[in-house]
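# below: sequence and its predicted model.
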Amino acid sequence: MLPNVTVIPDQSLGGIEREYREVKRKATEGELAMVIGSVAHNFSVGTIVKATSEKSAVTDGVRFTDKRGELVQTLVHTSGDYVVLEPTDIVHLPIKGRISGTERFRMVDRKAAVGERVIIVNEGRESCGGAYYRKGNVGYFVDYGQLYGNIRVSFDVTSRKSYVSPGDYHVLEPLAAAPLLSEQSAQDQAAATISALALRLDALTERMDALEAKVTQVTQPTTTVDTEVVLKAVRRFSEGLKRSVSDALKTPQQRRDEIVERAKADVKELAREDGKYLVPTSFGNNYVTNVEFIVNRDKRKVTAILRGVASNKIRAVGRAKCAPNDVFNAHIGKAISLRRALGLEVPAEYLNVPKPTEVRKGDVVEGTSHSGAIGPVLEFGHDGGENFVIYSNDTNRRCPDKCWSGATRVIILDDTREEVAA
């Protein structure tokens, strides 16, 4: 079992087992939690409970109910009563051909390739109200449909082939049996990183020795090697080595900042000099289009719509959706959705961006106090004990318009830090 992870059936996915991250914070209405203490309440340790809308008179208390709704109790996270279960994008599926055992998959919201395994997450147009497929159904992408961008899926259990609406499925990417590095302890992450760097350094040293041998060979009178070519190769290798070392020493925040800037530049570089984008057609030519980005902060989605310059008809659409446990950034979403609309490969770094570790002015944050108020950071301060942030309260009108919270006690939800269309 992975540390700080609980695996339980997810009823929103038809009962498929899903990994939930255990987080020590106050629960909000509708969230699941696991009881870890047994002081002054009747829930057994290990019981999965659900936060209700009923208010508690106890400070930091939350009213929970069991799965049958028969027992309601107040639990307090600061007293060690429970941990919140945050759903991850990792599910467990039975291993084919074996009586027992499961395999871990990550659910990814992207366009599937033929042969990839997919899971139904929504019952849209082609489901006909759930008649053809339901949430949690798993199958293999067979081929493309004819209308509305749908795909054809062969489902595991019945071998029935059904058309599936776009947006109704996620791709299942298999994971190795070992836990993801990001899910391991800080000590394990450091050890793995050092080990990987050591192996890479050995390989780089061997390559450097080989290149130096070639340079030595160039100095011999009988050599036929082009000196300038070898020297250029050595310089390229040296520059690459410096970049590798530099990247290894960068913090997650620095790497995220670079990827965001790269995404901004990517959107511009994919356009022609006149700012238009070329969409390939089946006839071998291209549509000349303008791009319109629709950014939905609430749903954490970005859609790129490419319209013909002359006709204004939609020629291509690309979508990007932020994973539940990631931090939304509209710039990265624009680059991903635009590349998908143009039929281009999405760089892996766009899909595996480190989370921000620094709270900055303009970030949209959620406080773990103040009833979970959400809003953009307005200013910073220091009270002699720890840094704090003041952020706008855009969600809870019972509290003041501005909230104060320690910088370590806010959760970053969106670090786009500029006005975009909602």
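Okay, I see it. Residues are numbered from 1 along each chain as shown.
# can you give me the pLDDT of the nearest residue to residue 122 once chain neighbours are set aside?
Spatial nearest neighbour of residue 122, excluding adjacent residues (CB to CB, 6 or more residues apart in numbering): residue 168 at 4.5 Å. The way it works is simple: take the backbone N, C-alpha and C, and place the C-beta from them, glycine included. pLDDT for residue 168: 91.
# where does residue 168 fall, phi/psi-wise?
Here is the backbone geometry of residue 168 (degrees, to the nearest 10): phi -90, psi -10.
# can you pull the contacts of it?
Counting by CB atoms under 8 Å, 6 or more residues apart in numbering, residue 168 makes contact with 120, 121, 122, 123, 124, 126, 127, 133.
# would you list every one of the helices in the stretch 301-422 of the chain?
With DSSP state H, counting those that start in this stretch as the criterion, the stretch 301-422 of the chain has helices at 330-341, 348-351.
# contact partners of the longest one?
The contact list for helix 330-341, computed with CB under 8 Å, 6+ apart, reads 110-111, 259-260, 262-264, 266-267, 270, 277, 279, 291, 293, 295, 297, 301-306, 316-320, 322, 345-346, 350-351, 353, 414, 416, 418, 420.
# ok, now stretch 259-270?
Residues from elsewhere that reach stretch 259-270 (CB under 8 Å, 6+ apart): 277, 329, 331-332, 334-336, 338-339, 342, 344, 349-350, 353, 415.
# one more time with 10 Å, if that's ok
With contacts defined as CB atoms under 10 Å, 6 or more residues apart in numbering, stretch 259-270 is touched by 275, 277-278, 291, 293, 304, 329-339, 341-342, 344, 347, 349-350, 352-354, 356, 415-417.
# ok, of those residues, which come out buried?
Neighbour counting with 16 or more other CB atoms under 10 Å marks 277-278, 291, 293, 304, 329-339, 341-342, 350, 353-354, 356, 415-417 as buried within these.
# quick revisit: tell me which of the helices of the stretch 301-422 of the chain sits nearest to residue 361.
Across the helices of the stretch 301-422 of the chain, residue 361 has its closest neighbour in helix 330-341 (16.8 Å, CB to CB).
# quick one: residues contacting the most centrally placed residue in the chain.
Closest residue to the average C-alpha location of the chain: residue 323 at 3.7 Å, with CA atoms, centre = their mean. Residue 323 makes contacts with 88, 89, 106, 107, 108, 109, 170, 300, 351, as judged by CB under 10 Å, 6+ apart.
# between those residues, which has the most around it?
residue 170 (23 neighbours; other CB atoms under 10 Å).
# buried ones in stretch 119-131, by neighbour count?
So for stretch 119-131, counting by 16+ other CB under 10 Å, buried means 119, 120, 121, 123, 124, 126, 127.
# and of those, the nearest to residue 377?
Proximity of the buried residues of stretch 119-131 to residue 377 (CB to CB) peaks at residue 121, which lies at 32.2 Å.
# how about the nearest residue to the closest one, chain neighbours excluded?
Leaving aside its chain neighbours, residue 121 sits nearest to residue 170 (5.3 Å; criterion: CB to CB, 6+ apart).
# mind checking what secondary structure the one you found has?
Of the three states, residue 170 takes strand under DSSP: H, G, I helix; E, B strand; the rest coil.
# and it, how far from residue 415?
Distance, residue 170 to residue 415, by CB to CB, to the nearest Å: 24 Å.
# contacting residues around residue 13?
Here residue 13 is in contact with 87, 91, 107, 119, 120, 121, 134, 135, 136, 137, 138, 170 (CB under 10 Å, 6+ apart).
# can you do 8 Å?
91, 119, 121, 135, 136 are the contacts of residue 13 under CB under 8 Å, 6+ apart.
# can you lay out those residues as CSV showing secondary structure?
Shown next, in CSV, are the contacts of residue 13 (three-state DSSP):
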residue, secondary structure
91, strand
119, strand
121, coil
135, coil
136, coil
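# pLDDT and distance to residue 388 added to those, as CSV?
Shown next, in CSV, are the contacts of residue 13 (pLDDT from 0 to 100; distance: CB to CB, whole Å):
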residue, pLDDT, distance to residue 388
91, 95, 38
119, 94, 42
121, 94, 39
135, 92, 42
136, 92, 43
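# report the two of the residues you listed separated the most.
Largest separation among those by CB to CB: 91 and 135, giving 12.0 Å.
# ok, the two, which is more surrounded?
residue 91 (24 against 19).
# my guess is the more buried one contacts residue 15. True?
No: with contact defined as CB atoms under 8 Å, residue 91 does not reach residue 15; the gap is 10.9 Å.
# who touches both of these two?
Joint contacts of residue 91 and residue 15 (CB under 8 Å, 6+ apart) do not exist.
# ok, the residue nearest to residue 121 - contacts?
By CB under 8 Å, 6+ apart, the residues touching residue 170 are 89, 107, 108, 109, 110, 118, 119, 121.
# state the pair within those that is farthest apart.
So, the contacts of residue 170 by CB to CB: farthest apart are 89 and 118, at 13.6 Å.
# what about residue 357, how many residues nearby?
Applying other CB under 10 Å, I find that residue 357 has 11 neighbouring residues.
# again with the one 5 residues further on
Per other CB under 10 Å, the neighbour tally for residue 362 reads 14.
# excluding chain neighbours, what is closest to it?
Nearest non-adjacent residue to residue 362, counting by CB to CB, 6+ apart: residue 417, 3.7 Å away.
# alright, calling it a day.
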